[in-house]
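Enquirer: sequence isn't available, so here's the structure alone:
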């Protein structure tokens, strides 16, 4: 079975400051890693995912995440946040040997302050 | 851009009543899913569906739950006799393929409140 832990339930941050959202996972088999974002009153949207290859993956809106196998982590970062980045962020994994379901972390609510 | 839609956005029901939550997946997708999130808890997988059959279900998905694709566009989740603990946000998702690498596209959710 897989499990995902997001260490911070809420992260307040000032506009233009950097932010890091931490995600650790546990699995006995290889996993694929995802970050989803949920803006108010909307569904979860894929932000980025790691499948294989380069351990650093980037999104089109400036977020990046790095897969670290030895630390079983997939932390999400953005060097300079905008007010529009206020949302809840979910880390999730799927496993080749465990069907196609996603296992989610508890979510991190990011509040960007002016 | 195509999106997954869900109706209603909020459903209030009495304990013991049946509810049907509706979803319209992205039109060319083949795999469909239901997840739920109880307030303050993680998003949990309930069931996946492909080719008019359940392909996987979690322990949560007991005999009180059923899924159906009644026509070419809708995908429904039925709870036969709701319990207080069924109160949650229910998310529908779809994916083009069923691979573990495939992106799942989520709807905005239906908030179910059981009184």
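Expert: Perfect, I can see it now. All values reported here derive from a predicted model rather than from experimental measurement.
Enquirer: give the contact list for the most centrally placed residue in chain B.
Expert: Centroid-nearest residue in chain B, with CA atoms, centre = their mean: residue B:34, separated by 3.1 Å. Residue B:34 is in contact with B:21, B:23, B:46-47, B:67, B:77, B:90-93, counting by CB atoms under 8 Å, 6 or more residues apart in numbering or on different chains. All C-beta spots, glycine's among them, are computed from the backbone N, C-alpha and C.
Enquirer: in which helix or strand would I find it?
Expert: Using DSSP states H and E, residue B:34 falls within strand B:31-37.
Enquirer: quick check: mean pLDDT across that strand?
Expert: Strand B:31-37 shows a mean pLDDT of 96.
Enquirer: and chain A, which of its residues are near chain B?
Expert: Residues of chain A lying close to chain B (CB under 8 Å from any CB of the partner chain) are A:4, A:32, A:34, A:36, A:41-46, A:49, A:51, A:90, A:92, A:94-96, A:98-107.
Enquirer: which among those residues end up buried?
Expert: Using 16 or more other CB atoms under 10 Å in any protein chain shown as the burial test, the residues of chain A next to chain B include A:4, A:32, A:34, A:36, A:43-44, A:49, A:90, A:92, A:94-95, A:98, A:100-107 as buried.
Enquirer: number of residues surrounding residue 8?
Expert: Chain wasn't specified; assuming chain A. By the measure other CB atoms under 10 Å in any protein chain shown, the count of residues near residue A:8 is 15.
Enquirer: my bad, chain B
Expert: When neighbours are counted by other CB under 10 Å, residue B:8 comes out with 12.
Enquirer: so how far is residue B:109 from it?
Expert: 11 Å (CB to CB, to the nearest Å).
Enquirer: tell me where chain B has strands.
Expert: Ranges of strands within chain B are B:5-7, B:10-13, B:19-24, B:31-37, B:43-50, B:53-57, B:65-68, B:75-79, B:88-95, B:105-106, B:110-114, based on DSSP state E.
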